[in-house]
Structures are given as structure tokens and as C-alpha cells.
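Trainee: Below are the sequence and a predicted model; questions follow.
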Amino acid sequence: NTSPHIPYLKQCLSLAEQSPPRPTNFRVGAVLLSRKDNDPTFTDDRILSTGYTMELAGNTHAEQCCFSNYAAVHKVPDDQVGEVLPVEPGRKLVMYVTMEPCGKRLSGNAPCVQRIMKTAEGGREGIHKVYFGVKEPGTFVGESEGCRMLTQAGIEWEHVGGLEREILTVAFAGHENAEEEVRAALGDKKTSIDDV
Ligand SMILES: Nc1nc(=O)c(N)c(NC[C@H](O)[C@H](O)[C@H](O)COP(=O)(O)O)[nH]1
Ligand SMILES: [Zn+2]
């Protein structure tokens, strides 16, 4: 019996596979949904938006595209997406991403944790929880800050294990020595059982 989160991470993985391979970032997929409280099998989930790395023009991240796509459908600029996300009693906003949202980007563009935090404005809760399949490898920014920043902002997060190898293989596809980087990233995981 697999965790009910796995089908969502698999959906994010197939989104990530649509991302153009680049050595300068990771190929990531994201899904934004509304989830009813106390619905353990997620039967009443409502998908709100999806996104993948570089889906939209420019150097865009999966989470960024996910928000931007939703904002476009609701005819507001990206930075006002929080104002059009649904606020429904008894339901929460949840995001699934193949990789831990970035807390820092080498390009200096707004990191995705900042975009996630921004959805909580004007008394709205915004994104309640983020599920991801791997922590960000150290390739670009070293020790990732995403989770710590989410915690500081009072946003819950959870690493859902089981798809690390698949997620990293897709993420690193555009990199020079992708296989080596995947192996190294898996090795970093104290919990990865593949390499024992
Ligand atoms: N969660 C996440 N979703 C993405 O869609 C993506 N590409 C990354 N990648 C994180 C990595 O740290 C940055 O890609 C590098 O730091 C380069 O920064 P830019 O992407 O050029 O801003 N992380
Ligand atoms: Zn990001």
C-alpha cells in the first residue's frame, strides 16, 4: 500500500519531464490543490494549477509557473495570486513539488519559498502545506534553506520518500555528469536505502 501522496508526486514527475533540460537548474514539477480537512484518502481534492521548470518564458521555476498559470487564468498579475486563491472554510491549500522549494536562487530571482509565503496575505492563510520528494541537492546553493524558511514562516512541509532516484534523474537530466550527480545526491540521503 503506497502513501496517498505518491500519485501526486508522480504527477509532478511527469510535469518535470516536460521541462527543457538545462545544466543551470533542475527540472521540477509542481501541483497546487485544495484539500478538504479530515479527508484521509483525499477523495475531495481539487487541482487548482500545475507548473514545471521553464514552462513559462524566462528562467522560471515549477512553483513559480504553477502560481503564474493560476494568476493568468484569474486575470491578475503574478504577485497578486494570493488574492485569487480560494479561501474556503474546512479546506486547505496544498502544494506538491518534486523538489524542495528554493530558498535562494543563483540568478537572484525571487525564490519560490518567498512566492509561497506571499500567498498568505490580507488575512488569508495561503498555502498551508508543501509536500516534496527530495531535498534540493547542493549543486547550486549548497545546504538548501527552503525547509527552514517554510518552518520560520509557519508553513508546514513534509518529505515524501520513495521516488528519490526517479525525481533526481529527471531533475539532473540537463547536467554534464547527470548520473554522477544523481548518485552523489542519493548518497547524501541518510535514508536512501538503494545504496546500502
Ligand atoms: N524547487 C525548484 N524548482 C525549480 O523549478 C528549479 N529550477 C529549482 N532549482 C533550484 C536551483 O537552486 C536554481 O535553479 C539555481 O540556484 C539557479 O538559479 P535560477 O534557477 O537560475 O534562478 N528548484
Ligand atoms: Zn524555486
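Mentor: Yes, it's here. Ligands and ions are numbered 1, 2, ... in the order given.
Trainee: C-alpha only now, for contacts and for neighbours.
Mentor: OK.
Trainee: ok now the helix or strand of the chain with the lowest mean pLDDT, how far from the chain's centre?
Mentor: Lowest on mean pLDDT, DSSP states H and E among the helices and strands of the chain sits helix 178-188, with a mean of 94. Mean-position distance between helix 178-188 and its chain equals 20 Å (C-alpha atoms, centre = their mean, to the nearest Å).
Trainee: mind listing what's buried in that helix?
Mentor: Ala178, Glu181, Val182, Ala185, Leu186 (16 or more other C-alpha atoms under 10 Å).
Trainee: Same check on stretch 52-66?
Mentor: For stretch 52-66, burial by neighbour count (16+ other C-alpha under 10 Å) applies to Tyr52, Thr53, Met54, Glu55, Leu56, Thr60, His61, Ala62, Glu63, Gln64, Cys65, Cys66.
Trainee: Make CSV out of those and add secondary structure.
Mentor: Shown next, in CSV, are the buried residues of stretch 52-66 (DSSP: H, G, I helix; E, B strand; the rest coil):
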residue, secondary structure
Tyr52, strand
Thr53, coil
Met54, coil
Glu55, coil
Leu56, coil
Thr60, coil
His61, coil
Ala62, helix
Glu63, helix
Gln64, helix
Cys65, helix
Cys66, helix
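Trainee: can you pull out the strands in this structure?
Mentor: Taking DSSP state E, the strands of the chain run over residues 29-36, 46-52, 91-99, 127-134, 156-159.
Trainee: low-confidence ranges in this structure?
Mentor: Scanning the chain with the threshold set as pLDDT under 70 gives 1, 189-196.
Trainee: need the residues of it near ligand 1, please.
Mentor: Residues of the chain lying near ligand 1 by C-alpha under 6 Å from any ligand atom: 24-28, 53, 61-62, 99-102, 105-107, 109, 140-141.
Trainee: re the thing from before, out of the buried residues of helix 178-188, who's nearest ligand 2?
Mentor: Ala185 (18.1 Å; C-alpha to the ion).
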